[in-house]
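>>> The following block contains a protein sequence and its predicted model.
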Amino acid sequence: MMLRNCVGSSSRSFLRQIPNRRALTYSIACRHLIQKDNHRLRLPTNQRFVTSISRGGEQSATIKKEVLNEYKRVYVAVGANIGDRFQNLMTALAMLEGTTIQDVGLASLSSEQLIRLVKTSFLRETEPMYVKDQPSFLNGAVEIETKLSPHALLCRLKDIESQIGRDLNNGKRYGPRPIDLDILYYGVEEEMGGIIVDSASLEVPHPRIQERDFVLSPLCDLNRSVVHPSINLTSREMLLELAGISDESRRHDQEEALPAMKVLPLPRGRMLSFNQTHIMGILNVTPDSFSDGGNYNDSVDLAVQQALQLVEDGASIIDIGGESTRPGAKEVEVQVELERTIPVIAKLREVSDIPISIDTRHAHVAKAAIEAGADIVNDVSGGTFDPNMFDTVAKLKVPIIIMHMRGTPETMESLAQYDDVVTEVSDELVRQSRAAEKAGIPLWLQVLDPGIGFAKDLDHNLSLMKHSAEMRRMVNDIPLLLGPSRKGFIGKITGETIAEGRDFGTLASCMSSLIDENGKLAPTILRVHNVKGIKQGVQIMEAILKAK
């Protein structure tokens, strides 16, 4: 099992006859088994040199660092618990992607990229293990492709840790650190966990994978089916075993049973933790939004006062929008949108640290809003309207809410045609999520929104809410934002013609969409007008779910 992805049947038969399989390692580059000699991993190489690294504060044996002819898939754990944790992680990833021949000590004119970032996990905040008296950790995992051999990659990771400020020689084992980078698996092929390395300076797979939920949970985000090459368990199986869960049908329970909690990083070191449902209060500074249009567009002070009231009522995010996207609404000029939103964002930021999202489909507005103090970009077009949106948000390094919509507010009602609305909306959201990731927006900075009321008719909206738990699975458990607040479908069912009279229907819509496939509270943001009422509903729902 441990090398079934690497060798033929005759080699596997040979392996079964060896008492200590860990005495062997396999080079995917040369496609044959090799034996380690004095803790050195011998692999074919274009260039090589000898260096030494320290591990756990002690000098290790001299090892060989090598550059291979082809890229290998590697899973790397990332973590930090001092300084600006998120910024440290992002700095480390940028340094990884910028790795060249010169960075690993080889003299060459080549500027070849030796490490490529493929995808990220979600981020989780976790309590420290082993040494308890230290701050909580921000943990995740990344998938990379690299031409560096295992030991060469290790040296590069240690070099990055040192440059970011980690003391590799005198640091306390398992103690506080500004950055921590560990190789989990090397040479992954499909569902197989790659090669085994067992040297004085490096063990791969990481020797404590199976005892760390803060490693297994992000690893499952990347590939829950990858098989540990010596334990012969998948990432998911190890996580369930750690959680004490044997029933495979309850695979999502680890989110509640274990302390690793998904978080959404925000600027200035802040986090939104998904140990609770977050209420996003709507603040439209427009003259024509369908519910509150004209209420707050004439006075910045009045708009800020309303925002602070929403916070007092229980909002953990304020969503500020300067363009109506009701059915049939026409596009607003960018300059008008800026004039409506930026003064309110700047003034609110002066008096409150509440997370602010900018509701816009224009990249220029998104950039100006973030620079004025906003924290999140909420794009109702999901990046389909402005071709510069994903690139802009990637450079800003802030979260984005990717909403599903077909067409524009002017045309969307004519495009509400689906054979299977849940599957099609989920597939289109995943496609945009991947496009965002390709543009440089990590998965841990993404939230998805199925777009209730946008290019959907009554039956479509009801199906999306009824099957929200299934949809969560189909979009790979990316946190969801749901915005049914005072929408027209509620009026069609209840006969309520006044938007402000649809809050009770809004409450029912929100409560129906909070639960995952196992009846557990799922990571959710609810975008609503009546914050106080929905907050009370959420509190009761959460209490019911926690009851014995």
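That came through fine.
>>> Look up the closest residue to residue 317, ignoring the ones flanking it.
residue 280 (4.3 Å; CB to CB, 6 or more residues apart in numbering). C-betas here are computed from N, CA, C, even on glycine.
>>> average model confidence for the helix or strand encompassing the one you found?
Element membership for residue 280 (DSSP states H and E) is strand 278-284. In this model, strand 278-284 has a mean pLDDT of 96.
>>> roughly how far is it from the heart of the chain?
How far strand 278-284 lies from its chain's middle: 22 Å, per CA atoms, centre = their mean, to the nearest Å.
>>> what's it in contact with?
Strand 278-284 is contacted from outside by 272, 291-293, 295-297, 303, 306-307, 310-311, 313-321, 324, 344, 357, 359, 481, 485, 524-529, 531, 534-535, 538, using CB atoms under 8 Å, 6 or more residues apart in numbering.
>>> quick revisit: count the neighbours of the residue nearest to residue 317 for me.
27 (other CB atoms under 10 Å).
>>> So what pairs up with it in the strands?
Assessed by DSSP bridges, residue 280 has beta-bridge partners residue 317, residue 527.
>>> pLDDT below threshold where in the stretch 101-250 of the chain?
Within the stretch 101-250 of the chain, the stretches with pLDDT under 70 are 102, 104-111, 245-250.
>>> Try it again at 90.
Low-confidence segments of the stretch 101-250 of the chain (pLDDT under 90): 101-113, 126-136, 167-175, 190-194, 199-201, 208, 211-214, 231, 240-250.
>>> coming back round to it: what separates the residue nearest to residue 317 from residue 382, distance-wise?
17 Å (CB to CB, to the nearest Å).
>>> tell me the contacts of the closest residue to residue 120 other than its chain neighbours?
Leaving aside its sequence neighbours, residue 120 sits nearest to residue 442 (CB to CB, 6+ apart; 4.0 Å). Neighbouring residues of residue 442 by CB under 8 Å, 6+ apart: 93, 119, 120.
>>> repeat for residue 331
323, 408, 410.
>>> what do you get if the cut-off is 7 Å, keeping everything else the same?
Residue 331 makes contact with no residue under the criterion CB atoms under 7 Å, 6 or more residues apart in numbering.
>>> Are we agreed that it is in a helix?
No: counting by DSSP: H, G, I helix; E, B strand; the rest coil, residue 331 is not part of a helix but coil.
>>> Now tabulate the contacts of residue 442 in JSON lines and tack on distance to residue 449.
Converted to JSON lines, the contacts of residue 442 look like this (distance: CB to CB, whole Å):
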{"residue": "93", "distance to residue 449": "26"}
{"residue": "119", "distance to residue 449": "21"}
{"residue": "120", "distance to residue 449": "20"}
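>>> Out of those, flag the one nearest to residue 446.
Closest to residue 446 out of the contacts of residue 442 is residue 120 (9.6 Å), distances taken as CB to CB.
>>> from memory the closest one sits against residue 440, does it?
No: using CB atoms under 7 Å, residue 120 makes no contact with residue 440, being 10.7 Å away.
>>> which of the two has more neighbours?
Legend: neighbour count by other CB under 10 Å for residue 120 and residue 440, higher for residue 120 (24 against 15).
>>> mind listing what that one touches?
140, 142, 442, 443, 444.
>>> try it again with 10 Å
Applying CB atoms under 10 Å, 6 or more residues apart in numbering to residue 120 gives the contacts 78, 89, 93, 140-144, 218, 221-222, 437, 441-446.
>>> cool, and residue 468?
By CB under 10 Å, 6+ apart, the contact set of residue 468 is 422, 450, 480, 482, 512, 513, 514, 515, 516, 517, 522, 524.
>>> at 6 Å what do you get?
Going by CB atoms under 6 Å, 6 or more residues apart in numbering, residue 468 touches residue 513.
>>> That one and residue 384: what is the separation?
Distance from residue 468 to residue 384, by CB to CB: 22 Å.
>>> And for residue 298?
Distance of residue 298 to residue 384, computed by CB to CB: 32 Å.
>>> Among the two, which residue is more densely surrounded?
Legend: neighbour count by other CB under 10 Å for residue 298 and residue 384, higher for residue 384 (20 against 10).
>>> so that one, which of the three states?
Under three-state DSSP, residue 384 falls in the coil class.
>>> For it, report the pLDDT, please.
Looking at residue 384, its pLDDT stands at 96.
>>> Angles on the backbone of it, please.
Dihedral pair for residue 384: phi -90, psi -20, per degrees, to the nearest 10.
>>> Is the residue nearest the centre of the chain part of a helix or strand, or is it coil?
Residue closest to the average C-alpha location in the chain (CA atoms, centre = their mean): residue 444, at 1.8 Å. For residue 444, the assignment made with three-state DSSP gives helix.
>>> Okay then, goodbye and thanks.
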